[in-house]
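# sequence first, then the predicted structure:
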Amino acid sequence: MGDEAKIFTLSEVSEHNQPHDCWIIINGKVYNVTKFLEDHPGGDDVLLSSTGKDATDDFEDVGHSESAREMMEQYYVGEIDTTTIPKKVKYTPPKQPHYNQDKTSEFIIKILQFLVPLAILGLAVGLRIYTKSG
């Protein structure tokens with residue numbers, strides 16, 4: 001293993017995003033799949049849309065066969081400098097900012113300010129009717 005793998009940055013790999021020059025990143029490895037575009041069973045647009053980012057998830061989601069994985073070896077051009085790939089951010093629901101809670105309580109106060117007089121009015125009218133009929 002005397003050959004040191006060439007290390008590419010994400011921006012370098014991102015430049016190869018054309019049908020005549022298409023590189024993708026899977027599992028930290030860089031592949032020049034230009035020649036494979038027309039043979040890719042999933043279509044070339046899938047590969048083209050996977051350029052300029054870590055396509056590992058896209059690749060794994062589809063579930064490629066062992067033979068597909070072996071074929072990839074011939075397109076291998078080097079490694080990606082993983083520090084240049086934005087860390088995958090697991091989606092976490094945003095923590096509710098405090099101002100939302102304030103808005104909510106403001107909203108409730110407004111409703112109460114509106115409803116309480118209505119309730120009192122309704123009660124007064126109800127009492128008057130009740131007392132008249134009594």
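Looks like it arrived, so ask away. Residues are numbered from 1 along each chain as shown.
# off-centre distance for the one helix or strand Ile111 maps to?
Using DSSP states H and E, Ile111 sits in helix 98-133. A distance of 44 Å separates the centroid of the chain from that of helix 98-133, by C-alpha atoms, centre = their mean, to the nearest Å.
# with stretch 8-24 instead?
Here stretch 8-24 shows a centroid-to-chain-centroid distance of 21 Å under the convention C-alpha atoms, centre = their mean.
# same question for that stretch, mean pLDDT?
Per-residue pLDDT over stretch 8-24 has a mean of 96.
# list the buried residues in that stretch.
Judged by neighbour count (16 or more other C-beta atoms under 10 Å), stretch 8-24 contains these buried residues: Phe8, Leu10, Glu12, Val13, His16, Asn17, Cys22, Trp23, Ile24. C-betas here are computed from N, CA, C, even on glycine.
# could I get these as CSV with distance to Thr82 and secondary structure?
Shown next, in CSV, are the buried residues of stretch 8-24 (distance: C-beta to C-beta, whole Å; DSSP: H, G, I helix; E, B strand; the rest coil):
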residue, distance to Thr82, secondary structure
Phe8, 11, strand
Leu10, 9, helix
Glu12, 13, helix
Val13, 12, helix
His16, 18, coil
Asn17, 20, strand
Cys22, 21, strand
Trp23, 16, strand
Ile24, 15, strand
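# pull the most distant pair out of those residues.
Farthest pair in the buried residues of stretch 8-24 (C-beta to C-beta) is Leu10 and Cys22. Separation: 15.1 Å.
# looking at Val46 now. What's its pLDDT?
For Val46, the pLDDT comes out at 92.
# who touches the closest residue to Val13 other than its chain neighbours in this structure?
Of all residues not flanking Val13 in the chain, Trp23 sits nearest, at 5.0 Å (C-beta to C-beta, 6 or more residues apart in numbering). Counting by C-beta atoms under 8 Å, 6 or more residues apart in numbering, Trp23 touches Val13, His16, Asn17, Val30, Tyr31, Asn32, Val33, Thr34, Thr51, Val77.
# and the residues you listed, which are buried?
Buried members of those, counted by 16+ other C-beta under 10 Å: Val13, His16, Asn17, Val30, Tyr31, Asn32, Val33, Thr34, Thr51.
# thanks a lot, catch you later.
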